[in-house]
Structures are given as C-alpha cells and as structure tokens.
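Asker: whatever this is, show me its structure:
(chains A and B)
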Amino acid sequence: MSDVAAPVATASAGAPAAKVSVGEIFLAFLTIGATSFGGGAIAYLRASLVTKNQWLDDKSFVELFSISQSLPGLNTTNMAILAGDRLRGWMGAVAAVVGVILPGAILMTLAGVVYGMGGSRPLVTAGLKGVAAAATGLLLATFLQLARKTLRGWLDVVFIAMAVIAVNWFHVSVLYALLGIALLATLAYRPRSSDTKPEQPTS
Amino acid sequence: MNQIPQLVAVFAYLSLLTVGGGMAAYPEMENLTVNVHHWVTQDQLVHFYSLGQMAPGPNLNMVAAIGEHVAGIAGAIAVPLAFYAPTGLFALIIGRLWVRLANWPWRTSIQNGLSPTALGLMLAGLLSFGTTALRLGHPRVMFLVGLDWIAVAMAAFVLVMMLRTKVNPALLVLGCGVVGAFTFR
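Answerer: You can find the predicted model right below:
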C-alpha cells in the first residue's frame, strides 16, 4: 500500500493484450503474493502486469488503481480483482485474488502456530516489541506518503481531524465515522454546476 | 465452544471498514477481538499486526494468524475467507459499474470525499495501534504517559529510513525485532 506506480506514458492506450488463461493469471499473482515482502505490493503488481507480462498498459493500470482506492478492501486485493476481472472475467478475478493472498496467509498461519508455542517467552516478547515499534514507524511513513500525495487542502485536514477525534476521543464506531465523514466530505466536494466534465482536481 | 461463526461474522464486518487500507479497521478490530470476544489481548493483536507487516502479499494476512490462534486450522481458513470475500465481491461488482460511471459527476465527488475519510481513519487506527505498540508490556495509561522511549526512537528511525531511503521495510522490521530481543529483555 505504499509506492503508487508513477504513470509513465506508453505508446498506446488500448485493448488489453491477447487472452490470458486463468492458470497464467493465478501463477502471476501467486508469484506476487509470495515475493512482495514488506508491503508495497502495488509496485510488484505493476512490475508484473505492465512491465513483465504486458497484460495491461500503464493507463489502464493507473485507472484500476484509482478505482481500487475508492472501494472498501485492501488495495492489493482490490487491484487483483479488478485486473483479474479485466483479463479474464470473474474467474480471472478469483484466480488473481486467491493467488495474491495464499502465500502470505499460509505464512501467517504458520506464524500463528509458532506464536502459540513460543509467543510468551521473554526473548520472543522482547523481539516482538521491536517488531511492533518498527511497524509503527513503517505505517506512519505510509500514512505520510499517502497524505503528501492525496491531500488537497485545509478542508481535507478538517475531515482527517474529525475522524481522529470521533474514533480516538469519542470512541465512535469506525462504521459510523466512515459513513458520516464520507457523506459529509462527498457533499463538500459535490459537483458544481460550473463543472462541465468531471476531473480530478490537481493539487 | 465453536468460535467459527462469530469469527466469520466479525471479520466479514471488519472487511467492510478497510477503506484505503487495513489500518482504518484497527480500532474496531481491537474493540471486537480484545474487548468484546476476548480472542486476543491488546498486546497479542499488536504482535500479530506487526508480524503481518513482514509477510508478503496484502499486509492484513495476519487475520489468518488470529483465526489460527482462536480456532486452529479451521479458523485459519475461515477467517481470511470471511475477511476477503465481502469486499472482493463488492470490488468485482462496483469495479464494473464504476468504469461505466466515468462521466457521472458524483463519481469524482465520492472519490474526493473518500480520500480524506480514508486518511483520517488510517491515522485514527495508527494512533490506537501506536499507543499500544510503543508501550508493549505496560497497560495503556494516557496518550503520552508511559511511552517506551526506546521503542519510540526505533519507530522514528524506521520512519526516517522509509522516507529517506529505499531499504526494504521487511528488513527494517526484522532488524528491529532482533535489536528489540536484546534491548527490551
């Protein structure tokens, strides 16, 4: 969920490449799911889908990525579903999402087993404290990078503050905070009559 | 007692809250898995979440570890299914619709509205997570009281490395784990 692929101008934006089999899709996403250590799976997705296999051009990739960000669900799994669907319909989507999840899920299941056996030993607890501290820094960096890329102005800061105050201070359920603030923010950014065609405001 | 139905219900619900990433759902995940169902402690949840940052693929595959912890191998299978299927189906349906709505003016409004909402919820999650992670082993007292300053320094180091260098974050997390094993004992 970090590195957003920079849109690189490619020769032609157009139809996806020749028909890809469900097995090929599964293998490509399984590889991404097994190698994308340390988050940032989007960069791996781009390297595989656009650069290596040339199943999508850059324009479609960026388009799918922007859709995947405005849907609930993780960016990586949403991208897998959208790309898989575009390549081979719903079967492609299923193959892609299962492929990208499987290696990490198996690994984390094993981690759960190992944790159950030794998670309370002092050395392990101490190590996990270091891991948790690092994860905090890592997630904060992701937040800052995302904020730098998508913040549009003071109004966005107000909505961010509202979310933090509602959830952390008043312990409002995330569901209500999400629905309330999303509704408010969407209305704040409602289409103006002067808009002739919808465009992403540039910052 | 068979926990699977409750696990499935909780994680299917949580999946709908993961706008802009898994962190948005963290406060709710903490409330449901720690306070309501007592499946894990606050510290254990932070442990699993942090370990998940090292695994390849989506960084919330740690839900499989929670499933395993609570209900063994059946939990490890049921929880990721419950967690990924609802939003997956949603993405498939809305994804197709969204392309057709390219010229609908409200589409841009929704995207522009969701963007700060997702950022805000992520920061809220990060605050819940960080206030536990940076004082592991001690009860949560108040915002800054009781922080472990060595852990804070570690987090700050990782933050700077992430913003200034291209080092693989999994290595940073692993490195801090090794250093932590000898510093925090």
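
Asker: OK, contacts around the residue positioned nearest the centre of chain A?
Answerer: For chain A, the residue nearest the mean C-alpha position is A:Asn75 (1.9 Å; Cα atoms, centre = their mean). With contacts defined as Cβ atoms under 8 Å, 6 or more residues apart in numbering or on different chains, A:Asn75 is in contact with A:Met1, A:Ala41, A:Ile42, A:Phe65, A:Ser68, A:Gln69, B:Gly20, B:Gly21. In this view, the C-beta of every residue, glycine as well, is placed from N, C-alpha and C.

Asker: tell me the domain boundaries of the chain?
Answerer: Chain wasn't specified; assuming chain A. Here the domain parsing of chain A from automatic domain parsing is A:1-118, A:151-203.

Asker: chain B, not that one
Answerer: Here the domain parsing of chain B from automatic domain parsing is B:4-140, B:148-185.

Asker: okay, how far is it across the shortest one, tip to tip?
Answerer: End-to-end distance for domain B:148-185, by Cα to Cα, to the nearest Å: 13 Å.

Asker: A:Gly137 is nearest to which of the domains of chain A?
Answerer: domain A:1-118 (12.6 Å; Cβ to Cβ).

Asker: show the average pLDDT along the closest one.
Answerer: The average pLDDT for domain A:1-118 rounds to 85.

Asker: now that domain: how far from the chain's centre is it?
Answerer: 10 Å (Cα atoms, centre = their mean, to the nearest Å).

Asker: same check, this time on stretch B:109-125
Answerer: 16 Å.

Asker: which ones are touching residue 168?
Answerer: No chain in the question, so chain A it is. B:Pro27, B:Ala124, B:Leu127, B:Ser128.

Asker: the chain in question should be chain B.
Answerer: Here B:Asn168 is in contact with A:Phe37, A:Gly38 (Cβ under 8 Å, 6+ apart).

Asker: next: B:Tyr26.
Answerer: B:Tyr49, B:Gly125, B:Leu126, B:Ser128, B:Phe129 are the contacts of B:Tyr26 under Cβ under 8 Å, 6+ apart.

Asker: what is the burial count for B:Asn103?
Answerer: 9 (other Cβ atoms under 10 Å in any protein chain shown).

Asker: what pLDDT does it get?
Answerer: Note for B:Asn103: predicted pLDDT of 87.

Asker: mind checking the SS state of it?
Answerer: coil (DSSP: H, G, I helix; E, B strand; the rest coil).

Asker: phi and psi next, for it.
Answerer: Main-chain torsions, B:Asn103, degrees, to the nearest 10: phi -100, psi 10.

Asker: on that earlier part again, winner for burial among the domains of chain B?
Answerer: domain B:4-140 (a mean of 22; mean count of other Cβ atoms under 10 Å in any protein chain shown).

Asker: what distance separates it from the centre of its chain?
Answerer: 5 Å.

Asker: isn't A:Ser60 right up against A:Leu82?
Answerer: No - assessed by Cβ atoms under 8 Å, A:Ser60 is found out of contact with A:Leu82, at 9.6 Å.
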